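Peer 1: Can you look at this prediction? I've put the sequence above it.
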Protein chains: 2
Amino acid sequence: MRRWWRTGATLLLGGGLGASVNRLLGDRGRQHQEENPGLLSRVPVIPVPTVQASELTVSPGSSGAVMKYGFPSLANIKTRESYVTSYDPRTRTASWVIERLSPASLSGPADRKFCDFKEDESVHVFHRATSADYKGSGFDRGHLAAAANHKWSQKALEDTFYLSNVSPQNPHLNQNTWNNLEKLCRSLTKRYLNVYVCSGPLYLPRQEVDGKLYVRYQVIGRNHVAVPTHFFKVLILEQADGRGVELRSYVLPNEAIDEKVPLERFLVPIETIERASGLLFVPNIMKRTSGLQAITAK
Amino acid sequence: MRRWWRTGATLLLGGGLGASVNRLLGDRGRQHQEENPGLLSRVPVIPVPTVQASELTVSPGSSGAVMKYGFPSLANIKTRESYVTSYDPRTRTASWVIERLSPASLSGPADRKFCDFKEDESVHVFHRATSADYKGSGFDRGHLAAAANHKWSQKALEDTFYLSNVSPQNPHLNQNTWNNLEKLCRSLTKRYLNVYVCSGPLYLPRQEVDGKLYVRYQVIGRNHVAVPTHFFKVLILEQADGRGVELRSYVLPNEAIDEKVPLERFLVPIETIERASGLLFVPNIMKRTSGLQAITAK
């Protein structure tokens, strides 16, 4: 049975551990309902830029519109034609990328045959990934903001080919389950007024034989581009009738996944992603709506 | 023989790989002298705040003064009484901490017996280290900005006990070689007008049996505080006669080190730290001086 719950103004701030790869599956379906309503007033909350109704009049995928529910962090922000990203110079890939999808942004004349992956020259050469780093690594250049989400403009489509919008991704995952999740995001634009999608890498700890927890991830190429252990996608789904927003958050391991496994199996509580990534989503969303539904595991 | 070289306006921007633990020793003494003078004009440089001569009239260890040579990154900056830090919410420890030492900041009435480690409440509870995380871990709570550098003010001394200024550190390293390096920094205040010290953690890759490079580090406690594989200290030494600055950069492994090994053995080219940490030091320093001497390995 799928469980939906209404968090309202009281958030689910569990006292649980940060996410570890071993605990993700175990966490699913468990509800840390330790309530701590005073907490938000004590901790810093990343400011939410004010976005007026006029956002609805800008270009379909305009990056300005993705600010509506705030940014999960404020480091090294880069604004592109149709998405906004925060770059991590240590791992040589994004910390997160936010897009806003709507039927208008998904269709258009843009053609990816005119696109090729390119270095992000706004990143210092010491901290910049190149296509050579990926060559022979066994990993795909996996888009974070998906190319097919930005067909409304050739420039927007091309911007998704910056290597700062890319992470080393298991080819099977990239071409199957991750691709299916991207398709799901696009299909949700039929049901919701707007679909905000935030994607990024995770580096989750795992218990080793000595009983201790270790984060371990490969780095590839001359520039030591980090290979995430997992990827997240956080979907902020804006209801058409102003009833608020729904939140769906997924974590997928960076490995081949049998396509028969339903995507719902990868739903996790948003807290899992907030703890593991160092990012915050809910405090910002709560500034914009008191009606927040979190959809987690079955 | 110790090698000193004058970089002047042309920086040593080697085409080498990022630092890996295996290569650190090998890199020492090798000079990547591939010159690329046009590079600095192409890449973004973190702005250097303007600091006037009036900085010399402020309190001995005032945090405003540490800005003189810019910040190595701009994410999550926190200004304390006597140091400035950038916090990494994913690893639950600082990315870097900058202090300015002078004879006046090193002496005073402050007493550490009135100090105790404390949580940094400016950090969200999901991303905050606690003393409980360290308990039973086998690691010391290792100061990044050293307590003994801030005796000029009780508040300044107390600020060094925030757990955001602390990383899990091998106890032998903390109490011996790292402590010796801190003492060296203090002793240099006798020879230089000002001693700027930037300290931080590193997570360096290592080649494993499959021939691939992996970053692997332990995380401790309920909050998964990252245990750095190495620590760096970058010393910006301001010459009294206005002849410019000297740069010394050290990398020490987070393990017991025989005290007989001289500290000079841990000198590395600054590029090693800039590549591995995702930070930049030299572009900022070069905005303030054309006379930069880098002191690296013997």
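Peer 2: Cool, the structure landed. Numbers count the residues shown, from 1 in each chain, chains lettered A, B, ... in the order given.
Peer 1: From here on, just use CA atoms for contacts and neighbour counts.
Peer 2: Fine.
Peer 1: And the strands in the stretch 51-200 of chain A, which stretches?
Peer 2: Per DSSP state E, counting those that start in this stretch, the stretch 51-200 of chain A carries strands over the ranges A:77-79, A:83-88, A:93-101, A:140-143, A:166-169, A:194-202.
Peer 1: Point out the one among these that comes closest to chain B.
Peer 2: Nearest to chain B, of all these, is strand A:83-88, at 7.6 Å by Cα to the nearest Cα.
Peer 1: who touches that closest one?
Peer 2: Contacts to strand A:83-88, defined as Cα atoms under 8 Å, 6 or more residues apart in numbering or on different chains, come from residues A:61-63, A:66, A:73-79, A:93-100, A:145, A:164-165, B:278.
Peer 1: on that earlier part again, I'd like the strands of the stretch 51-200 of chain A laid out as CSV, including mean neighbour count.
Peer 2: As requested, those are arranged in CSV below (neighbours: other Cα atoms under 10 Å in any protein chain shown):
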stretch, mean neighbour count
strand A:77-79, 16
strand A:83-88, 24
strand A:93-101, 27
strand A:140-143, 21
strand A:166-169, 26
strand A:194-202, 25
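Peer 1: Please identify which of those strands is closest to residue B:177.
Peer 2: strand A:83-88 (30.8 Å; Cα to Cα).
Peer 1: ok so, going back, is it possible to get TSV of the strands of the stretch 51-200 of chain A that adds mean pLDDT?
Peer 2: Converted to TSV, those look like this (pLDDT from 0 to 100):
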stretch	mean pLDDT
strand A:77-79	95
strand A:83-88	97
strand A:93-101	97
strand A:140-143	98
strand A:166-169	98
strand A:194-202	96
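Peer 1: can those strands go into CSV with extra columns for distance to residue B:249?
Peer 2: CSV is the format used below for those (distance: least, Cα to Cα, whole Å):
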stretch, distance to residue B:249
strand A:77-79, 29
strand A:83-88, 23
strand A:93-101, 26
strand A:140-143, 34
strand A:166-169, 31
strand A:194-202, 30
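Peer 1: I'd like to know which of the ones you listed is closest to residue B:199.
Peer 2: Closest approach to residue B:199 among the strands of the stretch 51-200 of chain A (Cα to Cα): strand A:83-88, 19.2 Å.
Peer 1: List the strands paired with that closest one, with their directions.
Peer 2: Sheet pairing of strand A:83-88 (DSSP bridges) gives strand A:77-79 (antiparallel), strand A:93-101 (antiparallel).
Peer 1: quick one: contacts of the last one?
Peer 2: When contacts are defined by Cα under 8 Å, 6+ apart, strand A:93-101 is touched by residues A:61-63, A:65-66, A:72, A:82-88, A:129, A:144-145, A:149, A:163-167, A:186, A:189, A:194-201, A:225-226.
Peer 1: what about the nearest residue to residue A:239 once chain neighbours are set aside, how many residues close to it?
Peer 2: Excluding the flanking residues, the one nearest residue A:239 by Cα to Cα, 6 or more residues apart in numbering or on different chains is residue A:192, at 5.2 Å. As a burial measure, residue A:192 scores 19 neighbours (other Cα atoms under 10 Å in any protein chain shown).
Peer 1: From chain B, how far off is residue A:192?
Peer 2: 30 Å (Cα to the nearest Cα, to the nearest Å).
Peer 1: now do residue A:240
Peer 2: 32 Å.
Peer 1: can you check residue A:176 too?
Peer 2: Applying Cα to the nearest Cα to residue A:176 and chain B gives a distance of 26 Å.
Peer 1: In three-state terms, label the closest residue to that residue other than its chain neighbours for me.
Peer 2: Excluding its sequence neighbours, the residue lying closest to residue A:176 (Cα to Cα, 6+ apart) is residue A:259, at 6.7 Å. Secondary structure assignment for residue A:259 (DSSP: H, G, I helix; E, B strand; the rest coil): coil.
Peer 1: For residue A:259, report the pLDDT, please.
Peer 2: pLDDT for residue A:259: 93.
Peer 1: got it, and residue A:58?
Peer 2: Residue A:58 carries a pLDDT value of 51.
Peer 1: Pairing partners for the residue nearest the centre of chain A in the sheet, please.
Peer 2: Here the mean C-alpha position of chain A is nearest to the C-alpha of residue A:199 (Cα atoms, centre = their mean), at a distance of 1.7 Å. For residue A:199, the beta-bridge partners are residue A:97, residue A:233 (DSSP bridges).
Peer 1: For residue A:77, see how far away residue A:120 is.
Peer 2: 13 Å (Cα to Cα, to the nearest Å).
Peer 1: Wait, residue A:74 touches residue B:89, no?
Peer 2: No. Using Cα atoms under 8 Å, residue A:74 makes no contact with residue B:89, being 11.6 Å away.
Peer 1: Of those two, which one has the most company?
Peer 2: residue B:89 (26 against 17).
Peer 1: Nearest spatial neighbour of the more buried one, chain-adjacent residues omitted?
Peer 2: Sequence neighbours aside, residue A:278 is the residue nearest to residue B:89 in space, at 4.5 Å (criterion: Cα to Cα, 6+ apart).
Peer 1: what's the answer for residue A:245, then?
Peer 2: residue A:238 (4.6 Å).
Peer 1: For residue A:108, the count of nearby residues, please.
Peer 2: 12.
Peer 1: Next: residue A:255.
Peer 2: Neighbour count of residue A:255, defined by other Cα under 10 Å: 15.
Peer 1: In a helix, it, correct?
Peer 2: No. Per three-state DSSP, residue A:255 lies outside any helix segment and is coil.
Peer 1: do you know how far the nearest residue to it once chain neighbours are set aside is from residue B:214?
Peer 2: Spatial nearest neighbour of residue A:255, chain neighbours left out: residue A:170 (5.3 Å); criterion: Cα to Cα, 6+ apart. Distance, residue A:170 to residue B:214, by Cα to Cα: 16 Å.
Peer 1: Please apply the same query to residue A:245.
Peer 2: Note on residue A:245: its distance to residue B:214, by Cα to Cα, is 40 Å.
Peer 1: Same drill for these two, tell me which one is more crowded.
Peer 2: A direct count of neighbours by other Cα under 10 Å for residue A:245 and residue B:214 places residue A:245 higher, at 25 against 22.
Peer 1: Quick check: phi and psi on residue A:285?
Peer 2: As for residue A:285, its main-chain torsions (degrees, to the nearest 10) stand at phi -60, psi -40.
Peer 1: State the number of residues packed around the closest residue to it other than its chain neighbours.
Peer 2: Leaving aside its sequence neighbours, residue A:285 sits nearest to residue A:69 (Cα to Cα, 6+ apart; 5.2 Å). Around residue A:69 there are 23 other residues, counting by other Cα under 10 Å.
Peer 1: Residue A:69 against residue A:284, yeah?
Peer 2: Yes. Using Cα under 8 Å, residue A:69 is in contact with residue A:284, at 5.9 Å.
Peer 1: can you list the residues of chain A near chain B?
Peer 2: Residues of chain A found near chain B (Cα under 8 Å from any Cα of the partner chain) are A:16-18, A:42-44, A:74-76, A:88-91, A:121-127, A:205, A:212-220, A:222-224, A:274-279.
Peer 1: please redo it, this time with the cut-off set to 7 Å
Peer 2: Proximity of chain A to chain B is confined to A:17-18, A:43-44, A:74-75, A:89-90, A:121-124, A:126-127, A:213-219, A:222-224, A:275-278 under the rule Cα under 7 Å from any Cα of the partner chain.
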